[in-house]
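In: kindly generate the corresponding structure for this input.
(chains A and B)
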Amino acid sequence: QKEVEQDPGPLSVPEGAIVSLNCTYSNSAFQYFMWYRQYSRKGPELLMYTYSSGNKEDGRFTAQVDKSSKYISLFIRDSQPSDSATYLCAMSGRSGGGADGLTFGKGTHLIIQP
Amino acid sequence: DAGVIQSPRHEVTEMGQEVTLRCKPISGHDYLFWYRQTMMRGLELLIYFNNNVPIDDSGMPEDRFSAKMPNASFSTLKIQPSEPRDSAVYFCASSISGGTNEKLFFGSGTQLSVL
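Out: Predicted coordinates for the structure are as follows:
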């Protein structure tokens, strides 16, 4: 079993829809959870960062962590064509979510249809 | 701030040739990472440096790969000799330690094609 599993997609939804992106993981030591967004021909950029379980909201984006189920989600409300990108989950068990200990999912390719 | 700068953006070479990828991290960042991204394997960490010192190179696939960081503002990843299976996008990323949110900043990557 891989440490982090993520459906590669593509996931295609109409503009304005609510999008749900998910990752599952096997390592119970993970405590820091991140979502990176990667546009075509660009490097990933950090979108959301959460520690332990619970929800975190930032504008149209909500990150949710369920450590008991080893499952994390990213919700996008009122999706826009500009949200079309690949979304990678990342997680770490290092103190402070150390960038030297990140494990990435393979990413989900999201397409928002105008 | 210009962000993490990588060069070249694209590299096409023939099998057996030497390839050198370059990276300039964000000024003041003390960590530098080299990643490789493919459709099959996703984003893989190859090696990372802290204060110019290589800390973990366990992700480097073979002895054909080597990386250096001669100073805080420059790093190279070299492949010699290159093989078609090395074709991928290579990313450099940097971060600054401390705090509770250690954020990785990625460059735009080098698309490597080995024919």
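
In: distance of the closest residue to chain A within chain B from residue B:61?
Out: Using C-beta to the nearest C-beta, the single residue of chain B nearest to chain A is residue B:106, 2.9 Å away. Using the backbone N, CA and C atoms, a C-beta is placed for each residue, glycine as well. Distance from residue B:106 to residue B:61, counting by C-beta to C-beta, to the nearest Å: 20 Å.

In: neighbour-wise, which of these two wins?
Out: residue B:106 (23 against 12; other C-beta atoms under 10 Å in any protein chain shown).

In: from residue B:16, how far out is that one?
Out: Applying C-beta to C-beta, the value for residue B:106 to residue B:16 is 29 Å.

In: beta partners for the residue of chain B closest to chain A?
Out: residue B:93 (DSSP bridges).

In: my read: it touches residue B:4, true?
Out: Yes. If you go by C-beta atoms under 8 Å, residue B:106 and residue B:4 touch, sitting 6.3 Å apart.

In: and the residue sitting nearest the centre point of chain B, what does it touch?
Out: Geometric centre of chain B, nearest residue: residue B:34, 2.9 Å, by C-alpha atoms, centre = their mean. Taking C-beta atoms under 8 Å, 6 or more residues apart in numbering or on different chains, we find residue B:34 in contact with B:23, B:45, B:46, B:47, B:48, B:67, B:75, B:77, B:90, B:91, B:92.

In: ok, now residue B:60?
Out: By C-beta under 8 Å, 6+ apart, the contact list for residue B:60 reads B:46, B:47, B:66, B:67.

In: now the helices for the chain?
Out: Because you didn't say which chain, this covers chain A. Ranges of helices in chain A, per DSSP state H: none exist.

In: and the residue of it nearest chain B?
Out: residue A:43 (2.9 Å).

In: and that residue, how many neighbours?
Out: Number of residues near residue A:43 (other C-beta under 10 Å) recorded here: 23.

In: ok, it touching residue B:108?
Out: Yes. If you go by C-beta under 8 Å, residue A:43 and residue B:108 touch, sitting 5.5 Å apart.

In: now stretch A:78-95: mean pLDDT?
Out: Averaged across stretch A:78-95, the pLDDT comes to 92.
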